[in-house]
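J.: Kindly return the folded structure for what I paste below:
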Amino acid sequence: MKRHITLGLLLLLVMFSCEFDEIKSNKGVSVATITSFKKDYREWAFYLNYTYEIDNHLYNGESSRKVPGKYIDEYMSKSFPIVYSIKNPQKSILLVTPGDFERWGMQFPDSLGWIRIRVGLRNL
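T.: Prediction:
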């Protein structure tokens, strides 16, 4: 059982790494809107679901970053930048924290300063 869990986690890491590499090689930038969330039942946190439009096609995504439950309302209907693959636009990554922007060589926008101030995420 433990071996299956380890193998599953390794597979998820490889899949995320491949998606990251594809986006990095074919990076486009757009804006997404938070539409809903999905509960992580292991802790009081949520993954953000978002939509974005590329070339008149609507796409959906889910953040890899969790938001503490007491702050989830702060995110609903807000807009955030995403990076996506111009070759495969359904592959995207939501940029929320200063660290997310730094990983992609982008400046953290002043318009998201409320994340630091009002939400107070510790893992920025």
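J.: strands paired with the top strand by length along the chain, and their directions?
T.: What stands out as the longest strand in the chain, according to DSSP state E, is strand 27-40. The strands that strand 27-40 pairs with in its sheet are strand 45-54 (antiparallel), strand 79-85 (antiparallel) (by DSSP bridges).
J.: Pull out the buried positions in the longest one.
T.: By 16 or more other CB atoms under 10 Å, the buried positions in strand 45-54 come out as 45-50, 52, 54. Using the backbone N, CA and C atoms, a C-beta is placed for each residue, glycine as well.
J.: could I get those as TSV with pLDDT?
T.: Compiled in TSV, the buried residues of strand 45-54 are given as follows (pLDDT from 0 to 100):
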residue	pLDDT
A45	85
F46	90
Y47	92
L48	94
N49	96
Y50	98
Y52	98
I54	97
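J.: now the protein, which segments are flagged as low pLDDT?
T.: Counting by pLDDT under 70, the chain contains low-confidence ranges at 1-19, 118-124.
J.: possible to save the buried residues of strand 45-54 as TSV with distance to K27?
T.: Conversion of these to TSV gives the following (distance: CB to CB, whole Å):
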residue	distance to K27
A45	28
F46	27
Y47	22
L48	21
N49	22
Y50	18
Y52	14
I54	13
